[in-house]
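Engineer: need a 3D model of the following:
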Amino acid sequence: MPSSGKTTVGRMLAASLGLSFVDSDAEIVSRIGMRIADFFAARGEAAFRAVESEVIADLAARRGQVIATGGGAVLDPRNVEALRHSGTLFFLDRSLAGLTPTADRPLSADGGRLERLYHERRPRYLAAADHVIPNDGTPEEALAAILNILHDNRL
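Structural biologist: Next comes the predicted model:
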């Protein structure tokens, strides 16, 4: 979900593992040359999702990195499949009360929209995830949970 901690925890995870970090939304902004909210307003969600899928396919084809995706990436099964093929998928599960609407996120700019998104998307996040990480605590707690899973899977 938007504001669930993907970028914060992703950066921390990458640093802990000695990997590079990439945020798919930042890559999209670089590719389209404007803010996502402006692109949404000018071209619409379908055009955004097409660019998002291209970026995710490109990112998933690379190895040795931690990728934080935008909250809507799970809407396209091809995105989930590309990401699953390249690594382990973690869902940072923050309660609705812990999420924050912001104007720079077109689909979750207010509390009502954010709540609708939460109820629409949460089942998709759960279905796509290899592991669900509760994230109503600190970023360090979420990081520790991820590192424990990765450690256990290496044994």
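Engineer: surely residue 79 touches residue 53?
Structural biologist: Yes - at 5.8 Å, residue 79 and residue 53 qualify as touching, with contact defined as C-beta atoms under 8 Å. (Each C-beta comes from the backbone N, C-alpha and C, glycine too.)
Engineer: neighbour count: the two, which is higher?
Structural biologist: The residue with more neighbours, out of residue 79 and residue 53, is residue 79; 23 against 16, by other C-beta atoms under 10 Å.
Engineer: tell me how far that one lies from residue 100.
Structural biologist: Applying C-beta to C-beta, to the nearest Å, the value for residue 79 to residue 100 is 24 Å.
Engineer: what of residue 5?
Structural biologist: Distance from residue 5 to residue 100, counting by C-beta to C-beta: 11 Å.
Engineer: then residue 77?
Structural biologist: To residue 100, residue 77 is 28 Å away according to C-beta to C-beta.
Engineer: the strands in this protein, which residues?
Structural biologist: 20-23, 65-68, 90-93, 131-134 (DSSP state E).
Engineer: how many other residues sit next to residue 130?
Structural biologist: Applying other C-beta under 10 Å, we find 13 other residues in the vicinity of residue 130.
Engineer: repeat for the one 5 residues further on
Structural biologist: Using other C-beta under 10 Å, residue 135 is surrounded by 24 other residues.
Engineer: which residues touch the residue lying closest to residue 47 once chain neighbours are set aside?
Structural biologist: Nearest non-adjacent residue to residue 47, counting by C-beta to C-beta, 6 or more residues apart in numbering: residue 39, 7.3 Å away. The contact partners of residue 39, taken as C-beta atoms under 8 Å, 6 or more residues apart in numbering, are 32, 47-48, 51.
Engineer: return the helix or strand in the protein with minimum mean pLDDT.
Structural biologist: Ranked by mean pLDDT, DSSP states H and E, the weakest helix or strand in the chain is helix 111-128, scoring a mean of 88.
Engineer: tell me where this structure is predicted with low confidence.
Structural biologist: For the chain, applying pLDDT under 70 flags the ranges 101-111, 155.
Engineer: measure the spatially most central residue of it to residue 154 for me?
Structural biologist: Of all residues in the chain, the one closest to the mean position by C-alpha atoms, centre = their mean is residue 69, 3.1 Å from it. Shown here: residue 69 relative to residue 154, a distance of 24 Å by C-beta to C-beta.
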